[in-house]
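Colleague: sequence and predicted structure below; questions after.
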Amino acid sequence: MIRWLLAGVALWLVWANRAQAAEAAGVESNLYSAENWVFDMAGKRMQISLAGLNLIQRAEGLALKPYKDAAGFWTIGYGHKMEAGEWWDDITSQQAIELLARDVEGAEDAVNSLVTVPLTQGQFDALVSFTYNLGAGAFKRSTLLAKVNAGDVTAVAEFGRWVNAGGKPLAGLIARRADESRMFEGVA
């Protein structure tokens with residue numbers, strides 16, 4: 001438990017440094033960055049909590065060497081999908097945290113941009129974990145997002161529909177979606 005807490009604190013420090021560097025350089029990190037800069041200035045941009053980070057870290061696990069995930073993508077760290085031209089034979093724990101920070105920031109930006117209704121911290125954390133795992137495109141097209149934005153109280157049931165990888169249900173995804181559902185409902 002202490003290990004997850006220390007990793008979470010380190011992650012927050014990495015985010016603070018990255019945000020300052022990006023702001024000084026005038027760099028936008030992804031598609032949703034400009035909009036979220038406005039949200040941040042207005043005090044409306046939500047950020048993941050340590051509980052949300054812990055959920056992602058537990059669900060993803062830490063791999064310091066690359067491996068192919070269940071969908072066949074090369075992955076490293078805390079579930080970082082390696083893009084074209086990106087390769088490491090191995091990474092340190094600190095590099096894994098830096099990759100996690102970058103990837104979580106993108107998931108936060110997507111949730112902040114796509115969700116049009118107020119969220120609790122637990123709901124936001126659950127949606128960021130979901131988006132981290134499946135990507136902003138899948139979240140944008142999901143019935144989960146449509147139901148959340150419509151204020152539909154049955155939205156939480158949608159988490160359970162996203163448990164397959166490579167066409168087969170995976171125990172790890174079933175457990176992750178159950179954790180996300182509990183967090184969304186404020187039970188976790």
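Modeller: Nice, thanks for sending it over. This is a predicted model, so every value here is computed, not measured. Numbers count the residues shown, from 1 in each chain.
Colleague: how about the contacts made by Thr131?
Modeller: Counting by CB atoms under 8 Å, 6 or more residues apart in numbering, Thr131 touches Ala107, Ala110, Val111, Ala138, Phe139. For every residue, glycine as well, the C-beta is placed using N, CA and C.
Colleague: got it, and Gly61?
Modeller: Per CB under 8 Å, 6+ apart, neighbours of Gly61: Tyr78, Gly79.
Colleague: any idea how far Phe139 is from Ala171?
Modeller: Phe139 is 22 Å from Ala171, where distance means CB to CB, to the nearest Å.
Colleague: who has more neighbours out of the two?
Modeller: Higher neighbour count among Phe139 and Ala171: Phe139, with 23 against 8, using other CB atoms under 10 Å.
Colleague: I'd assumed Glu108 was in contact with that one.
Modeller: No. Between Phe139 and Glu108 there is no contact under CB atoms under 8 Å: 11.7 Å.
Colleague: from Ala63, how far off is Phe139?
Modeller: Taken as CB to CB, the span from Phe139 to Ala63 is 24 Å.
Colleague: where is the longest strand in the chain?
Modeller: Taking DSSP state E as the criterion, the chain has its longest strand at strand 63-68.
Colleague: following the chain past that strand, name the next helix or strand.
Modeller: strand 74-77 (DSSP states H and E).
Colleague: for that next one, which helices and strands make contact with it?
Modeller: Under the contact criterion of 3 or more CB pairs under 8 Å, 6 or more residues apart in numbering; DSSP states H and E, strand 74-77 touches strand 63-68, helix 93-114.
Colleague: now find how far off-centre that strand is within its chain.
Modeller: Chain-centre distance of strand 74-77: 15 Å, with CA atoms, centre = their mean, to the nearest Å.
Colleague: coming back round to it: looking at the contacts of Thr131, which two lie furthest apart in space?
Modeller: Using CB to CB, the contacts of Thr131 span at most 12.5 Å, a distance reached by Val111 and Ala138.
Colleague: are any of the contacts of Thr131 buried, and which?
Modeller: Buried members of the contacts of Thr131, scored by 16 or more other CB atoms under 10 Å, are Ala107, Ala110, Val111, Phe139.
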